[in-house]
Every structure is written in C-alpha cells, then in structure tokens.
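Novice: Predicted coordinates and the sequence they were generated for:
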Amino acid sequence: MPLDSPFMLDIPQKCTLDLSSSSKEQVANLIIKGQGTVPVILKKKKPFSWIINRPKNKSQGFKLEITSKAANLYEKEKQTWKLIKSAAKAGLDEDLQCQYWFSLDHLNRRICYGKGELRKLTELLSYDYPAAPKNKRPDPYSWVSEIEKVKIDPSYVSKGEVWRDPVTIDPPLVVLKPDQIAMDDLALNNATVPMNLTPACQKLHGNISGSNFQLNTPDFPYFVYAIEASIRDKKGWCYQTLQKKSEEFGKPPNEKQTYLRITMGTNQGESPGIPYVMEIWPPGHYSPIHNHAGANAIIRVLSGEITVKLFSMLSTSHTQPFAEKVFRKDDVTWISPGLNQTHQLHNCNKGGPTCITIQCYMYGETDASHYEYFDFISAKEKIEQFTPNSDMSFLNFKNKMQEEWEANQGRCK
Ligand SMILES: [Fe+2]
C-alpha cells in the first residue's frame with residue numbers, strides 16, 4: 001500500500017489516466033501486470049463497469065459494475081457474465097465528485113472496490129477468487145497475473161488514475177521514530193516510520209519531532225498553564241480572541257467550533273498559509289470537517305489530547321467518519337494528498353485540559369496548482385473555503401502569555 005509518494009520514479013507509483021481517446025470505453029494500462037488500483041471520478045451519475053478479460057482469447061474475465069443502487073461483481077463463464085458477489089447500497093454516489101476505486105491483486109487473489117480514499121477502510125466490496133490448486137494441476141486463474149489493461153465502460157470519466165499497487169491494508173495513522181517502533185507495531189500495522197511517508201511529510205516530521213520541541217521551556221516553564229489561564233480568564237487574550245472567532249466557519253455563531261492559530265515563520269509559497277501552526281483547542285472545542293488543499297501535513301500533540309475523525313471524502317453526503325483515534329502528548333500523525341486528507345479535530349475532554357498541537361503543511365513536489373484554501377462543511381451543509389490565517393505569531397503570543405502570567409502572579413501576591 002503506497003503512502004502516496006508523488007515522486008516520479010522510473011517505475012511510477014501512479015499515472016494519470018489518458019482521457020484523450022474518443023472511444024466509448026477507456027483503457028487503464030496497469031503499471032505492473034496483474035496488480036494496481038484504478039480510481040475514477042465520473043462526469044455524470046450513470047452506471048459503469050471496470051472489466052478485465054483473459055488476454056488473447058477473452059474466455060474468462062471479471063466485471064465490476066456500479067449501478068444506481070449496488071456494486072455487482074461478475075465472472076465470465078463460457079462467454080456469459082455470471083453474478084458472483086453484490087454489495088447493496090454501494091452503487092452510484094449522491095456526490096458527483098465521489099472517487100470510485102477498483103483494485104486488482106493477483107498475489108492475494110483479490111478484487112475489491114470502494115469509494116473515497118484508496119484504503120481498506122473505504123472498501124465496499126471484496127472478493128477472493130479461489131486459491132490455486134495444489135498437486136501441480138493448472139491454475140484456472142493464472143491469467144489474472146498477466147492482466148495489463150483494465151477497461152472502463154462506458155467512459156463517463158472526468159478524472160482517473162492508475163496506481164501501481166493494489167489496496168491491501170489501511171496505512172497506520174501513528175508515526176514513530178525508528179528507535180521507537182517495535183516488531184509488534186510492524187506486525188500489527190499499528191504504526192509507521194517517517195521514511196514510509198511522502199518526501200514532504202518526511203521534511204516536516206524532521207522539523208517538529210525533536211525532543212526539544214516543547215512548550216514549557218526553561219525561559220518560560222509555565223507556558224501551558226498560562227495558555228489555560230488565558231482561556232479561562234474573560235480578560236485573557238485567548239478567551240477574547242476565541243469569542244471573536246465564533247462565526248469563523250459561518251453563521252449561526254458556534255463558540256465550540258473555534259480554535260486558535262498561532263503561526264511560526266512566513267508563507268514561502270510551499271504551503272497553504274504559513275507552514276507551521278500551533279493550534280489551541282480549548283476543552284470541548286472542535287473544527288468543522290475539512291480537507292487540506294491536497295497538501296502533506298504532520299501533526300504532533302504538544303499538550304493534552306485530540307480526537308481525529310477521518311472521512312472518505314469532503315462531501316455533505318459523507319459526514320460519518322470511517323476512523324477515529326485519540327492522539328496524546330508527543331503522538332504524531334500525518335496527512336498526504338490522497339490519505340487522511342479529510343478530517344475533523346475535536347478536544348473531547350470537556351473538563352479539560354486544553355489540547356495544543358503543532359500542525360505543519362507542505363504541497364507535494366508535483367503539485368503545480370497550490371490550492372490555497374482548506375475547504376470545509378459549513379453549518380448550512382455547504383462546502384466553503386477557509387483561508388488558513390493567523391491569530392498571532394508565535395513569539396508575540398509567547399510574550400503575551402508571559403505578560404498575562406506575570407500580571408496574574410502579581411495579582412495573587
Ligand atoms: Fe486540519
């Protein structure tokens with residue numbers, strides 16, 4: 001399972017589907033014979049199929065048909081398509097922007113299908129074709145390992161890709177340093193290491209994962225407590241700034257749907273907004289469901305706990321998360337252009353403490369569009385644009401908290 005590398009290697013991890021042909025069907029050329037994933041976005045909401053045929057004589061094949069209601073998998077027998085598996089409610093999506101994916105995996109003898117991100121947790125249908133016979137009898141499915149092309153019929157495709165690898169597992173959400181990961185983590189698919197992430201994520205991880213990257217430092221050992229106090233104090237800068245942000249994601253005002261964005265550095269044209277953002281999540285506060293401009297990101301918890309909910313796509317028709325995980329102090333997670341891209345963050349600890357995270361962002365090396373907004377689902381159930389902004393720069397914020405802390409200590413004497 002690729003973690004979405006945009007690197008153009010000699011054997012690419014993915015290719016864009018050539019849609020220049022005017023024929024009734026499209027052909028996706030697999031990068032490696034017998035395996036790969038072919039995601040498509042449609043131009044119109046009409047039934048379509050992915051088809052693979054036995055090379056040369058076409059006497060055998062598989063067809064995965066997406067109808068208005070279901071996904072139906074057929075196997076060709078004596079030139080007739082026979083239904084072998086069906087998934088109800090897995091048909092054409094309400095959202096025209098839905099990405100449908102088809103995965104072929106001759107090594108694991110599996111065909112599967114899903115909607116949204118290319119990962120096991122968005123899978124809606126999976127079929128394991130029979131195991132190879134023992135005792136040297138011919139394998140009736142050996143032809144699958146020779147498959148070079150997947151047909152898409154008819155072609156209503158507005159965008160398509162071919163990924164080198166099939167969908168086999170769900171990529172781990174937790175990033176551990178090489179000296180932290182254990183054999184069990186690898187065996188249980190609990191965690192990954194930065195080297196498995198995209199080059200952009202690796203760079204970002206290197207910047208924020210060190211042991212000195214902490215809030216409370218010898219020059220201001222009460223930083224976290226000062227932030228908590230500023231959130232509670234009605235005269236505090238944090239409290240007042242949060243109050244002003246209650247309509248940031250639209251009307252009606254929602255005081256819980258707010259968080260503070262404290263930025264480090266300047267926008268150098270490599271990221272949506274300023275690349276390093278310290279985010280402050282008071283107890284019970286949360287973000288809307290949003291995506292990340294197709295960028296890469298690394299998130300590390302600096303204090304408290306944050307719950308991350310993941311969604312298969314940014315769509316008003318898909319507001320149920322497919323995964324949810326709590327990250328605690330020093331836990332690290334990641335976002336790539338195609339994975340973990342749509343999420344919602346929530347400090348579920350209503351009684352505290354506040355959660356503070358560092359988020360950093362970078363476009364992929366082949367991203368020439370540099371979309372500058374995080375799209376989100378508003379209270380009116382519309383997809384709207386959020387401009388990644390700054391409530392204050394980090395050094396000014398630290399000074400502000402130090403001032404408030406010292407003033408409060410003076411009051412207490
Ligand atoms: Fe986010």
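Specialist: Nice, I can see it.
Novice: What segments of the stretch 201-350 of the chain are strands?
Specialist: 260-264, 276-281, 296-303, 305-310, 323-328, 332-335, 343-346 (DSSP state E, counting those that start in this stretch).
Novice: who's in contact with the spatially most central residue of the chain?
Specialist: Nearest to the mean C-alpha position of the chain, by Cα atoms, centre = their mean, lies residue 340 at 1.6 Å. Contact analysis of residue 340 by Cβ atoms under 8 Å, 6 or more residues apart in numbering lists 117, 173, 310, 333-334. From N, CA and C alone the C-beta is placed, and that goes for glycine too.
Novice: Determine which two of those residues are furthest apart.
Specialist: Greatest spatial distance in the contacts of residue 340: 117 and 333, 14.7 Å, computed using Cβ to Cβ.
Novice: okay, the two: which has more neighbours?
Specialist: residue 117 (25 against 22; other Cβ atoms under 10 Å).
Novice: where does that one fall, helix, sheet strand or coil?
Specialist: coil (DSSP: H, G, I helix; E, B strand; the rest coil).
Novice: State the distance from it to residue 251.
Specialist: 31 Å (Cβ to Cβ, to the nearest Å).
Novice: can you check residue 308 too?
Specialist: 26 Å.
Novice: Of those two, give the one with the bigger neighbour count.
Specialist: Using other Cβ under 10 Å as the criterion, residue 308 and residue 251 rank with residue 308 on top: 22 against 10.
Novice: wait, isn't that one in contact with residue 342?
Specialist: No - if you go by Cβ atoms under 8 Å, residue 308 and residue 342 don't touch, sitting 10.9 Å apart.
Novice: which residues sit against stretch 19-33?
Specialist: 11-12, 14-15, 17, 36, 38, 104, 145-155, 157-160, 162-164.
Novice: could you pull out the helices for the stretch 51-200 of the chain?
Specialist: Using DSSP state H, counting those that start in this stretch, the helices assigned to the stretch 51-200 of the chain run over residues 183-188, 199-208.
Novice: just for the stretch 201-350 of the chain, where's the confidence low?
Specialist: Within the stretch 201-350 of the chain, no range satisfies pLDDT under 70.
Novice: next one: the stretch 51-200 of the chain
Specialist: Along the stretch 51-200 of the chain, no part satisfies pLDDT under 70.
Novice: What segments of it are strands?
Specialist: Taking DSSP E, counting those that start in this stretch as the criterion, the stretch 51-200 of the chain carries its strands at 61-66, 70-77, 80-88, 99-105, 110-115, 123-128, 149-153, 157-163, 174-175, 191-192.
Novice: who wins for proximity to residue 328 among these?
Specialist: Comparing the strands of the stretch 51-200 of the chain by Cβ to Cβ, strand 174-175 comes nearest, at 10.6 Å.
Novice: now for that closest one, which elements pack on it?
Specialist: strand 191-192, strand 332-335 (3 or more Cβ pairs under 8 Å, 6 or more residues apart in numbering; DSSP states H and E).
Novice: Same list, the ones you listed, but as TSV with distance to residue 178 please.
Specialist: Formatted as TSV, these follow (distance: least, Cβ to Cβ, whole Å):
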stretch	distance to residue 178
strand 191-192	11
strand 332-335	13
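Novice: So for residue 379, which of those strands sits nearest?
Specialist: Comparing these by Cβ to Cβ, strand 332-335 comes nearest, at 24.1 Å.
Novice: what does that closest one contact?
Specialist: Contacts to strand 332-335, defined as Cβ under 8 Å, 6+ apart, come from residues 3, 173-176, 197, 201, 205, 209, 292, 295-301, 308, 325, 327, 340-341, 343.
Novice: strands paired with that strand, and their directions?
Specialist: Applying DSSP bridges, strand 332-335 is found paired with strand 296-303 (antiparallel).
Novice: Quick one: end-to-end length of stretch 245-262, please.
Specialist: Stretch 245-262 has an end-to-end distance of 14 Å (Cα to Cα, to the nearest Å).
Novice: Run the chain-centre distance for that stretch.
Specialist: Centroid separation for stretch 245-262 versus its chain: 23 Å, with Cα atoms, centre = their mean, to the nearest Å.
Novice: got the buried residues for that stretch?
Specialist: 245, 248-250, 254, 257-262 (16 or more other Cβ atoms under 10 Å).
Novice: Quick check: the farthest pair among those?
Specialist: 250 and 262 (22.8 Å).
Novice: got a list of what residue 257 touches?
Specialist: Listed by Cβ under 8 Å, 6+ apart, the contact set of residue 257 reads 246, 248-249, 285-288.
Novice: any idea which of these is closest to residue 93?
Specialist: Nearest member of those to residue 93, counting by Cβ to Cβ, is residue 288, at 21.1 Å.
Novice: Excluding chain neighbours, give the residue nearest to the closest one in space.
Specialist: residue 376 (4.2 Å; Cβ to Cβ, 6 or more residues apart in numbering).
Novice: Pull the distance from the helix or strand where that neighbour lies to the chain's centre.
Specialist: Using DSSP states H and E, residue 376 maps to strand 374-377. Centroid displacement of strand 374-377 relative to its chain, using Cα atoms, centre = their mean, is 14 Å.
Novice: so what does that strand touch, helix or strand wise?
Specialist: The criterion is 3+ Cβ pairs under 8 Å, 6+ apart, and the helices and strands that strand 374-377 contacts are strand 383-386.
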